[in-house]
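1. I'll drop the sequence and a predicted model, then ask my questions.
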Amino acid sequence: MFSIVFFVGALLIILITNWLYNWWNPKCNGILPPGSMGWPILGETLSFFAPNTTLDISPFVKDRMQRYGPIFKTSVVGRPIIVSTDADLNYYIFQQEGQLFQSWYPDTFTEIFGRQNVGSLHGFMYKYLKNMVLNLFGIESLKKMLPEVEQTSKRNLQRWSLETSVDIKDASAQMIFDLSAKKLISYDSEKSTENLRDSFVAFIQGLISFPLNIPGSAYNKCLQGRKKAMKMLKNMLQERRERPRKIQTDFFDYVLEELQREDTVLTEAIALDLMFVLLFASFETTSLAITLATKFLVEYPLVLKELTEEHEAIIKRRENPDSGLTWNEYKSMKFTFQFINETVRLANIVPAIFRKALREIKFKEYTIPAGWAVMVCPPAVHLNPTRYKNPLDFDPWRWEGIDTNGASRNFMAFGGGMRFCVGTDFTKVQMAVFLHSLVTKYKWTPIKGGNTLRTPGLQFPNGYHIQISEKEKASVGTDK
């Protein structure tokens, strides 16, 4: 009996030892980048999600860059990952999209956004959906949308100025959500019996959190928020299908038209996941950038002065100071675009961009095994002192004379390669128009909050509460 127990115990020890060895020493036909795979299954997940209260590169990435160099291996949520903070490798990954790499996100992420979400689709289907979205967020559509974006900003700022304090993060998110939801699905929060945005708020609170799916956890609340939002969107789509419109007025109409075509490749599941992602992306990321921008304008008075002068000059050049913004005026906002670039560079709202190696890849002295995930790290690129002098300083003038309409080796705030964010121009329009309305008509004072937290996504855990008041009217648009 003892010998049997001894034999089973010894066999278990051998199996476990072999398993641990294989975990810590993954097979590779070449040289893997240096790094640690962490604990079995768990990997280095806890360190990856550890909170960071600064705008600097996360300690998880920074410590490993110092220890292993710009390319290293790790394991997060059970998957082996190559982390790249190397500008050349990042560029290579984006350029080889669809050939050597394809878009990939952890299972927990696709569970949140849906398995048919646009980020998980490839090839023809991805290009098809991208063209659909460009019908809504393309340049020609944005030109028509500009007056409505301006009126929305003016209306909300005027209302906020009547309050003793406003959380600019929450308020701007509501403002942008209402505008986006109206354009996408003709949703009106004031008329609807259900609050769609509440479901997204629950979703966002657990979006980039430790993936522990138990009742009460942030991740579980996130999944529940998605479930509720998807149910509402499905009901809205069904109502529209039962009562179709004669004239196409929003994105839902366009989707229904596509679904009814005999040769369509679109399914209802893909359409609903697309709606969900578009609603989320259109308001959450932009409201974070607007909040940080408002905070920077308080902390850097010379920047505020330059920005204000640019926008007041636009008004002074008009025959009628009260006329609305034109597309040419928007395109003339040189310093504003520098300001937006610098804001999103430091915001690093997207802390990681994931891809998967389709086959074994040699890069420099390293080998990336087929099937391994690769994580591009934008913060490490945007805060690289060899590219950006004093990278943690907020300096919009550093962008003078630099064209950043697309991604580059050193700037990827809006993604890169063929998956460069199709909503980039929509985001810039919203930010620029909001800033125009803000700095020409209002002044503001911080009340409380404003501290940032990364886990690793950017958050304002206490919001950013400010008091907004109108400027003296004689100071804008007229001679002093």
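-> Yes, it's here. Numbers count the residues shown, from 1 in each chain.
2. all helices for the stretch 1-150 of the chain, in order.
-> Ranges of helices within the stretch 1-150 of the chain are 2-24, 45-48, 59-68, 87-95, 107-113, 123-137, 139-160, based on DSSP state H, counting those that start in this stretch.
3. and Pro215, what element?
-> Following DSSP states H and E, one finds Pro215 outside all helices and strands.
4. What number of residues are in the vicinity of it?
-> Here the neighbour count serves as a burial measure; for Pro215 (other Cβ atoms under 10 Å) it reads 7. From N, CA and C alone the C-beta is placed, and that goes for glycine too.
5. picking up where we left off before, can you check which of the helices of the stretch 1-150 of the chain gets nearest to Lys221?
-> helix 107-113 (11.2 Å; Cβ to Cβ).
6. If you average the pLDDT over the closest one, what comes out?
-> Confidence over helix 107-113 (mean pLDDT, whole number) is 69.
7. which helix in the protein runs the most residues?
-> For the chain, the longest helix by residue count, based on DSSP state H, is helix 268-299.
8. Okay, buried residues for it please.
-> Going by neighbour count (16 or more other Cβ atoms under 10 Å), the buried part of helix 268-299 is 270-297.
9. related to what we said a few turns ago, export the helices of the stretch 1-150 of the chain to CSV and tack on mean neighbour count and distance to Asn384?
-> Conversion of the helices of the stretch 1-150 of the chain to CSV gives the following (neighbours: other Cβ atoms under 10 Å; distance: least, Cβ to Cβ, whole Å):
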stretch, mean neighbour count, distance to Asn384
helix 2-24, 10, 30
helix 45-48, 18, 21
helix 59-68, 16, 10
helix 87-95, 19, 7
helix 107-113, 18, 26
helix 123-137, 16, 30
helix 139-160, 16, 31
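10. Any chance of JSON lines for those, columns distance to Thr386?
-> Written out in JSON lines, the entries for the helices of the stretch 1-150 of the chain read as follows (distance: least, Cβ to Cβ, whole Å):
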{"stretch": "helix 2-24", "distance to Thr386": "33"}
{"stretch": "helix 45-48", "distance to Thr386": "25"}
{"stretch": "helix 59-68", "distance to Thr386": "13"}
{"stretch": "helix 87-95", "distance to Thr386": "9"}
{"stretch": "helix 107-113", "distance to Thr386": "31"}
{"stretch": "helix 123-137", "distance to Thr386": "34"}
{"stretch": "helix 139-160", "distance to Thr386": "34"}
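11. and Met236, which of the ones you listed is closest to it?
-> For those, distance to Met236 was read as Cβ to Cβ. The smallest value, 16.5 Å, belongs to helix 123-137.
12. Now that closest one: average pLDDT?
-> Averaging the model's pLDDT scores along helix 123-137 yields 71.
13. rewinding a little: right, and the helices of the stretch 1-150 of the chain - which one's nearest Leu438?
-> Shortest separation from Leu438 across those is recorded for helix 139-160, at 6.3 Å, computed as Cβ to Cβ.
14. quick one: contacts of the helix or strand that comes right after the closest one?
-> Tracing the chain past helix 139-160, the next element assigned as helix or strand by DSSP H and E is strand 166-167. Applying Cβ atoms under 8 Å, 6 or more residues apart in numbering, the contact partners of strand 166-167 are Trp160, Gly449, Gly463, Tyr464, His465, Ile466, Gln467, Ile468.
15. ranking those residues by neighbours, who comes first?
-> Going by other Cβ under 10 Å, Tyr464 tops the contacts of strand 166-167 with 25 neighbours.
16. Please report how far it lies from Ala432.
-> Applying Cβ to Cβ, to the nearest Å, one obtains 20 Å for the distance of Tyr464 from Ala432.
17. Over to Asn348?
-> 20 Å.
18. higher neighbour count, those two?
-> Using other Cβ under 10 Å, the more surrounded residue of Asn348 and Ala432 is Asn348, with 25 against 22.
19. Show the pLDDT at that one.
-> According to the per-residue confidence, Asn348 scores 93 in pLDDT.
20. again with Gly406
-> In the prediction, the pLDDT value recorded for Gly406 is 57.
21. ok, now Ser209?
-> As predicted, Ser209 sits at a pLDDT of 58.
22. What is the burial count for Glu310?
-> Burial measure for Glu310: 20 neighbouring residues, criterion other Cβ under 10 Å.
23. Just give the closest residue to it, not the sequence neighbours.
-> On the basis of Cβ to Cβ, 6 or more residues apart in numbering, the spatially nearest residue to Glu310 that is not a chain neighbour turns out to be Phe335, at 4.8 Å.
24. Equivalent analysis for Lys27, please.
-> Using Cβ to Cβ, 6+ apart, the nearest residue to Lys27 is Pro369, at 7.5 Å.
25. what residues are up against that neighbour?
-> Taking Cβ under 8 Å, 6+ apart, one finds Pro26, Lys27, Cys28, Asn29, Leu32, Pro80, Ala357, Glu360 in contact with Pro369.
26. just the residues you listed now: which is nearest Leu46?
-> Leu46 lies nearest to Pro80 out of these, by Cβ to Cβ, at 16.7 Å.
27. The closest one against Val374, yeah?
-> No. Because the distance of 10.3 Å does not satisfy Cβ atoms under 8 Å, Pro80 is recorded as not touching Val374.
28. Neighbour count for the two, which is higher?
-> Between Pro80 and Val374, counted using other Cβ under 10 Å, the more crowded position is Val374 (23 against 18).
29. and that one, what helix or strand is that in?
-> Assigned by DSSP H and E, Val374 belongs to strand 373-376.
30. what's in contact with stretch 66-77?
-> Residues outside stretch 66-77 that contact it (Cβ under 8 Å, 6+ apart): 26, 32-38, 43-45, 48, 64-65, 80-86, 89, 106-108, 211, 363-364, 366, 380.
31. Mark which of the residues you listed are buried, thanks.
-> 32-33, 35-38, 43-45, 48, 64-65, 80-86, 89, 106, 108, 211, 363, 366, 380.
32. quick one: average confidence on stretch 167-177?
-> Across stretch 167-177, the average pLDDT comes to 94.
33. Now for the nearest residue to Leu196 once chain neighbours are set aside, how many residues are close by?
-> Nearest non-adjacent residue to Leu196, counting by Cβ to Cβ, 6+ apart: Met232, 5.5 Å away. When counting by other Cβ under 10 Å, one arrives at 16 neighbours for Met232.
34. Assign a three-state SS to Met232, would you?
-> Using DSSP: H, G, I helix; E, B strand; the rest coil as the criterion, the local structure at Met232 reads helix.
35. just checking, it touches Ser199?
-> Yes. In this structure Met232 lies within contact range of Ser199 using Cβ under 8 Å: 6.7 Å.
36. per-residue pLDDT, Glu306?
-> 97.
37. again with Glu239
-> According to the model's per-residue confidence, Glu239 sits at a pLDDT of 84.
38. which stretch of helix or strand covers it?
-> Under the assignment given by DSSP H and E, the secondary-structure element containing Glu239 is helix 218-242.
39. Distance from the chain centre to stretch 53-71, please.
-> Using Cα atoms, centre = their mean, to the nearest Å, we find the averaged C-alpha position of stretch 53-71 to lie 20 Å away from the chain's own average C-alpha position.
40. got the end-to-end distance for that stretch?
-> Stretch 53-71 has an end-to-end distance of 24 Å (criterion: Cα to Cα, to the nearest Å).
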